[in-house]
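Participant: requesting a structural model of the entry that follows:
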Amino acid sequence: MTTTTLAVLVPLLPFLGAAAGLLLGRTAPGYVRPLAVLPSLTSLVLAVLVAVRQGGGQAINAATELTPTGSVPIELSLHIDGFAALVAVLVGVVASCVQIYSTGYLRNDPRYPSYAALVSLFTSAMLLVVYSGDLIVLLVGWEVMGICSYFLVGHYWETPEARAASIKAFLVTKLGDVPFLIGLFALGTDAGSFRITTVLGTVASGGLHHPTLVALLLLAGVAGKSALFPLHTWLPDAMAGPTPVSALIHAATMVAAGIYFVARLLPVFQASSAAMVVLAVMAAVTMAGSALAALAQDDIKRVLAYSTIGQLGYMAGALAVGDRGAAVFHLLSHGAFKALLFLAAGLIIHASGTNSLAVMSRMTGLRSRVPDAYWTMTVALLALAAIPPFSGFFSKEAVLGAAEHVATGHTEHAPGSAGWIVLIAGLVTAVLTAAYATRLWLLTFHGRGVEAPDHGKEPRSMTVVLWVLAVPSLAFGLAYGALPGWFDGRDLTPVLTTSVLGTGLALVGGIVTYGAWRHATALAPRVPMGAVVAHPDAEPARVEAEAIASHAPAFGDMAYAPDPADPGRLLLGPLHRHAAVGFHLDAVYHVLFVRPVQAGATLVRFLDREVVDTYVRGAAALPRLLGAAVRRAQTGNVQTYVSALLAGTVVLVVAALLVATGA
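Facilitator: All right, here's what the predicted structure looks like:
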């Protein structure tokens, strides 16, 4: 079987699994789990074979024209280079782990068949984006992911939070997709083709007429899809969906799509220095702002959501300094440990009956209840904090090293100002990342108070997946020496200066947070209140849904309340209340966009009812009056009709005589 055939099957198999799952979900429920898991696993195996055959060498290209368009052709094409081959493997690994995990997590959910089918469709769409060599076909996968995210985030549609989150995710991403579509059309028009290789050739020859405008239009779509400032606000709210969905969106699909798109078309953005600086500013604000927000969150999943936004900022920063190798390296590394963090969080939520870190901090023995989650999450948090030798250290160091290289003027791939912006923001974020990672670990596993409930052993399908993902979280970074061939020859060896700075700052952030926690814990009073406790036999997904719906996650005699033992509150001080609500960005958008739209809708409704309808009612009034007059003349008396006819005849005769006499 040729490599091209294998590559076509990689996105096709999950799509067929999704279609079969939707068709057989009700009539043959026994086939639902095999149809969810087997296509993803097979697709993963094929993606690995494609990566082995591609080998980091020359890109694999194949194309066939879909239909004559009369102008710019649209082709079903493949363009598989080293980046695409490795990202496809990441998508396959995470999607397979999520499907296997979900068989236990949602084992009794009545909507599991549609959920599993949508996850498969989500996976297929992302693989289409990764392998596609045509921008319009890529756009199809891009938009299908948006639809899938809408349904999956809103899986618990009974809760208002899930409904609002799904709508918000859809609308915010569509807000970026409109200029994104215009930018794609501009690229295709200038290049005379939507083929990625042709577009890149046009850029290399200087044929792109308005590079800054096109790059900024495309960045709007990337900001929406990859949750970069200022269109990142949908991602924390998307935590209202099931935890495995969060793992899929954050690790290998949706948010990774925007970063991957910029990496694939990086020369388009490098054609404009202004666009690169804009991207650098977006990355800097994204990574630093989200890290501050993560340090103030109480919901464990929202901490991880803001963490994802921060790591996406690092990836965007690497692209802003013209190093797509470092960006994709961090994308791959982050995909493994972020999927692990979310799936481990699912076990913790089930064990504790709550998403609240404040409540978990008042439990003792939680780590002994879920030892698999404890050890694997510890590995993932160390990778997140970029502590050597975990994978996050090597990939984040690649980003900082690239920024330092540009800032010191050793390359002309990006403006020096972009390098300094990314470098300074990256170092500041390194401190904050270690701080919120340490805070999450301490509040979750080192609480003091009532005994955590014993829910028994978790399903093996959930725990095995954690250990599978722990391996790349620990060891993938060590493969940096073998990756240059896949990454255009980019040397990913850590740079001494940024390695020492980044690691030192991360250790400072962790140590200071630990000291603040010890100090806050010594002063923290107990807060006895009523409680809501999940049933020990409740399935994990139902526990999570109830925690979302209750608005008051609680355990034992400790209900949710602002926790004075929270080191984040102590470290942030007056900034804490602003960071906890994302620095009021949603409120700003409400004032700038929601209220004007609502006011405009009110005006349109008034004009429709009071102006348009008035004309319509007036136009109907005259025929109605004439009809009433005619109706009165219709008495049904034949003598009256004859008399009227004679009278009319007489009048006409008299009138005719008068006219004749006058003449």
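Participant: sketch out the low-pLDDT regions of the stretch 551-663 of the chain for me.
Facilitator: Scanning the stretch 551-663 of the chain for pLDDT under 70 picks out the ranges 551-564, 662-663.
Participant: ok, the chain next?
Facilitator: Within the chain, the segments meeting pLDDT under 70 span 455-456, 524-539, 541-543, 545-564, 662-663.
Participant: which residue ranges of it form strands?
Facilitator: 60-67, 74-80, 363-364, 450-451, 554-555, 558-559 (DSSP state E).
Participant: can you say which of the ones you listed is packed in most?
Facilitator: strand 554-555 (a mean of 24; mean count of other CB atoms under 10 Å). Using the backbone N, CA and C atoms, a C-beta is placed for each residue, glycine as well.
Participant: next, the residue lying closest to Gly401 once chain neighbours are set aside: phi, psi?
Facilitator: Computed as CB to CB, 6 or more residues apart in numbering, the closest residue to Gly401 that is not its neighbour in sequence is Val495, at 3.9 Å. Dihedral pair for Val495: phi -90, psi 130, per degrees, to the nearest 10.
Participant: and the residue nearest the centre of this structure?
Facilitator: Val255 (4.4 Å; CA atoms, centre = their mean).
Participant: which ones are touching that residue?
Facilitator: By CB atoms under 8 Å, 6 or more residues apart in numbering, the residues touching Val255 are Lys225, Ser226, Ala227, Leu235, Ile249, Thr308, Leu312.
Participant: which one is Arg33 nearest to, not counting chain neighbours?
Facilitator: Leaving out its chain neighbours, the residue that sits closest to Arg33 by CB to CB, 6+ apart is Thr103, at 5.2 Å.
Participant: tell me how far the one you found lies from Cys97.
Facilitator: Distance, Thr103 to Cys97, by CB to CB, to the nearest Å: 11 Å.
Participant: between these two, who's got more neighbours?
Facilitator: Cys97 (27 against 19; other CB atoms under 10 Å).
Participant: Pro57: what's it in contact with?
Facilitator: Actually, residue 57 is Gly. It isn't Pro. Taking CB under 8 Å, 6+ apart, we find Gly57 in contact with Gly82, Gly485.
Participant: revised request: answer the last question for Ser473.
Facilitator: Under the criterion of CB under 8 Å, 6+ apart, the contact list for Ser473 reads Ala336, Phe337, Leu340, Thr376, Val379, Ala380, Ala383, Phe390, Ser391, Gly392.
Participant: find the nearest non-adjacent residue to it, please.
Facilitator: Distances taken as CB to CB, 6+ apart put Phe337 closest to Ser473, at 4.0 Å, once the chain neighbours are dropped.
Participant: the one you found and Ala385 touch, don't they?
Facilitator: No. Phe337 sits out of contact with Ala385 when judged by CB atoms under 8 Å, with a separation of 10.1 Å.
Participant: give me the more crowded residue out of the two.
Facilitator: Each of Phe337 and Ala385 has its neighbours counted (other CB under 10 Å); Phe337 has more, 29 against 25.
Participant: return the distance of that one relative to Ile387.
Facilitator: Using CB to CB, Phe337 is found at 12 Å from Ile387.
Participant: same check on Ala20?
Facilitator: As for Ala20, its distance to Ile387 is 44 Å (criterion: CB to CB).
Participant: with Pro494 instead?
Facilitator: From Pro494 across to Ile387, the span is 13 Å (CB to CB).
Participant: same deal with Asp454?
Facilitator: 32 Å.
Participant: neighbour-wise, which of these two wins?
Facilitator: Shown here are Asp454 and Ile387; by other CB under 10 Å, Ile387 has more neighbours (18 against 11).
Participant: wait, that one touches Phe393, no?
Facilitator: Yes. In this structure, Ile387 is within contact of Phe393 by CB under 8 Å, at 6.0 Å.
Participant: who touches both of these two?
Facilitator: Thr503.
Participant: mind listing the helices for the stretch 151-300 of the chain?
Facilitator: 160-191, 196-204, 211-225, 234-237, 243-251, 255-264, 266-270, 273-294, 300-320 (DSSP state H, counting those that start in this stretch).
Participant: give me the helices and strands touching the fourth one, please.
Facilitator: Helix 234-237 makes packing contacts with helix 160-191, helix 300-320 when contacts are defined by 3 or more CB pairs under 8 Å, 6 or more residues apart in numbering; DSSP states H and E.
Participant: how far does it sit from the chain's center?
Facilitator: When distances are taken as CA atoms, centre = their mean, to the nearest Å, helix 234-237 is centred 8 Å away from the chain's centroid.
Participant: what are the buried residues along it?
Facilitator: Within helix 234-237, the residues scored as buried using 16 or more other CB atoms under 10 Å are Trp234, Leu235, Pro236, Asp237.
Participant: if we can go back for a sec, need the overlap of contacts for Pro494 and Ile387.
Facilitator: Shared contacts of Pro494 and Ile387, defined by CB under 8 Å, 6+ apart, are found at Phe393.
Participant: mind checking which of the strands of the chain is nearest Ala47?
Facilitator: Taking CB to CB, strand 74-80 is the member of the strands of the chain nearest to Ala47, at 10.0 Å.
Participant: how far is the closest one from where the chain is centred?
Facilitator: On CA atoms, centre = their mean, the centre of strand 74-80 falls 25 Å from that of its chain.
Participant: output the contacting helices and strands for it.
Facilitator: Right, strand 74-80 is packed against helix 3-24, strand 60-67, helix 112-131, helix 135-153 by 3+ CB pairs under 8 Å, 6+ apart.
Participant: for it, which outside residues touch it?
Facilitator: Outside strand 74-80, the residues that touch it by CB under 8 Å, 6+ apart are 3-4, 7-8, 50, 54, 59-67, 88, 131-134, 136-137, 194-197.
Participant: returning to that earlier point: quick one: residues contacting the residue nearest to Arg33.
Facilitator: Here Thr103 is in contact with Arg33, Ala36, Val37, Pro459, Ser461 (CB under 8 Å, 6+ apart).
Participant: kindly report the same for Gly188.
Facilitator: Contacts of Gly188 by CB under 8 Å, 6+ apart are Val72, Leu135, Ile136, Phe194, Val199.
Participant: TSV please, covering the contacts of Val255 and showing distance to Gly206.
Facilitator: Listed next are these as TSV, based on distance: CB to CB, whole Å:
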residue	distance to Gly206
Lys225	29
Ser226	28
Ala227	33
Leu235	37
Ile249	38
Thr308	37
Leu312	31
